[in-house]
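Q: Sequence plus the predicted model coming up.
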Amino acid sequence: QFSLKDKVAIVTGGNSGIGLEYSVVLAELGAIVYVLDLPEAPSEDYAACKAYIKKLATGGSLEYRVANVTDGPGMAKVTHEIAETHGRLDVCIANAGILGPVVDCHEYPADWFRKIMEVNVTGVFLTAQAAIKEMLERKIKGSVIFTASMSGSIINKDMHWIPYTTAKAAVVQLAKAFACEVGTNEIRVNCISPGHIRTRMTEAYLGVEPLIENCWAAQNPMNRLGSVYELRGTVAYLASDASTYTTGHDLQVCGGHTAW
Ligand code: NAD
């Protein structure tokens, strides 16, 4: 039920952190996974994961393509090329995102607000639009997954991330809107909303202020941060046929943070 053998997937922002972990899980389950990200050359972490997947011989693989999620025609082109190459596109994970600086609301720079909306909302829209177009044309019963955040439903205590939290709330609503339009085509659109997970994005804060880890941990009932490994089961569930009747859902993986 969890097998993704012969399935084709795209994962934006898959060059590091959560997106790279998702890409590895899909490839372990047998999928041909295309990582779409900004750098011309993929990261060392990506290269190590690609070598690991090759050794596993599950039939899955990792491929890298340069793509910017804010470039609509570019996303449509790369997505179409992938779907044409394999005659299908089964899974799309719109995961790329940025956090931006912590600044009080009355001084938050408008340029940063626009940039975060552009990447975290418009980028998710353009990625999903490109993928769903290919799925519809090929009558694929696909799975589209957005990386939202617990910040889409709560406000992070003492972290003044006004555009980030607004953008993630929009992503949850975007998933529901897409899900309602393409449900009869058996295309599912869901969100995974992680809590505080240790990645390059969060290290930028944890590294400069060690006390932040304790503050963040104390805000959830499990009293700790999460790791990317703890998102593995969730993405396997939503990407595969294990979740064929789940759509328009926002699955929180945050150690109960939003329960408080
Ligand atoms: P990360 O910085 O390790 O990964 C983000 C990736 O997105 C990077 O590889 C980056 O190059 C890519 N990216 C950024 N802008 C892009 C663009 N315009 N086009 C294509 N790729 C782009 O961070 P992460 O923690 O792995 O974050 C992944 C997602 O998870 C983000 O959407 C983030 O908001 C979300 N998230 C993270 C946490 C956390 O605690 N780490 C919690 C909740 C949600």
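A: Alright, I've got the coordinates. Numbers count the residues shown, from 1 in each chain.
Q: now the strands for the stretch 1-150 of the chain?
A: Shown for the stretch 1-150 of the chain, the strands assigned by DSSP state E, counting those that start in this stretch span residues 8-12, 32-37, 61-66, 91-94, 143-147.
Q: cool, the stretch 151-260 of the chain as well?
A: Ranges of strands within the stretch 151-260 of the chain are 188-194, 250-253, based on DSSP E, counting those that start in this stretch.
Q: winner for burial among the ones you listed?
A: strand 188-194 (a mean of 25; mean count of other C-beta atoms under 10 Å). To be clear about C-beta, it is placed using only N, CA and C from the backbone, and glycine gets the same treatment.
Q: So for that strand, mean pLDDT?
A: Averaging pLDDT along strand 188-194 gives 99.
Q: could you give the angle of that strand to strand 143-147?
A: 30 degrees (axes from the mean of the first three to the mean of the last three C-alpha atoms, to 10 degrees).
Q: Can you list the strands that strand 188-194 pairs with?
A: strand 143-147 (parallel), strand 250-253 (parallel) (DSSP bridges).
Q: List phi and psi for the residue of the stretch 51-200 of the chain found nearest the ligand.
A: Per C-beta to the nearest ligand atom, residue 97 is where the stretch 51-200 of the chain lies closest to the ligand, at 2.2 Å. Phi and psi for residue 97, reported as degrees, to the nearest 10, are phi -160, psi 160.
Q: Any figure for the gap between the closest residue to residue 131 other than its chain neighbours and residue 174?
A: Spatial nearest neighbour of residue 131, excluding adjacent residues (C-beta to C-beta, 6 or more residues apart in numbering): residue 92 at 3.4 Å. In this view, residue 92 and residue 174 are 13 Å apart by C-beta to C-beta, to the nearest Å.
Q: of these two, who's got more company?
A: Shown here are residue 92 and residue 174; by other C-beta atoms under 10 Å, residue 92 has more neighbours (30 against 21).
Q: From the structure, what's the count of residues near the residue lying closest to residue 10 once chain neighbours are set aside?
A: Using C-beta to C-beta, 6+ apart and skipping the chain neighbours, the partner closest in space to residue 10 is residue 34 (4.8 Å). Other residues near residue 34 number 26, with proximity taken as other C-beta under 10 Å.
Q: I figured residue 34 hits residue 7, correct?
A: No. With contact defined as C-beta atoms under 8 Å, residue 34 does not count as touching residue 7 (11.8 Å).
Q: Need the pLDDT of residue 228.
A: 98.
Q: In space, what's closest to it - neighbours in sequence excluded?
A: Using C-beta to C-beta, 6+ apart, the nearest residue to residue 228 is residue 21, at 3.9 Å.
Q: Run a quick neighbour tally on the one you found.
A: 24.
Q: ok, now residue 199?
A: Neighbours of residue 199 (other C-beta under 10 Å): 19.
Q: Identify the residues contacting it.
A: 16-18, 228 (C-beta atoms under 8 Å, 6 or more residues apart in numbering).
Q: could you redo these as CSV and give each row distance to the ligand?
A: CSV is the format used below for the contacts of residue 199 (distance: C-beta to the nearest ligand atom, whole Å):
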residue, distance to the ligand
16, 4
17, 2
18, 4
228, 7
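Q: quick one: which of those residues is nearest residue 42?
A: residue 16 (9.5 Å; C-beta to C-beta).
Q: what does the protein put close to the ligand?
A: Within the chain, the positions adjacent to the ligand are 12-13, 15-19, 37-38, 68-70, 95-98, 119, 123, 147, 149, 194, 196-197, 199-202 by C-beta under 6 Å from any ligand atom.
Q: Kindly recompute the last result at 5 Å.
A: Within the chain, the positions adjacent to the ligand are 13, 15-18, 37-38, 68-69, 96-97, 119, 147, 149, 194, 196-197, 199-202 by C-beta under 5 Å from any ligand atom.
Q: Would you agree residue 66 is in contact with residue 41?
A: No. Using C-beta under 8 Å, residue 66 makes no contact with residue 41, being 9.0 Å away.
Q: Which residue of those two possesses the greater neighbour count?
A: Just comparing residue 66 and residue 41: by other C-beta under 10 Å the higher neighbour count belongs to residue 66, 15 against 10.
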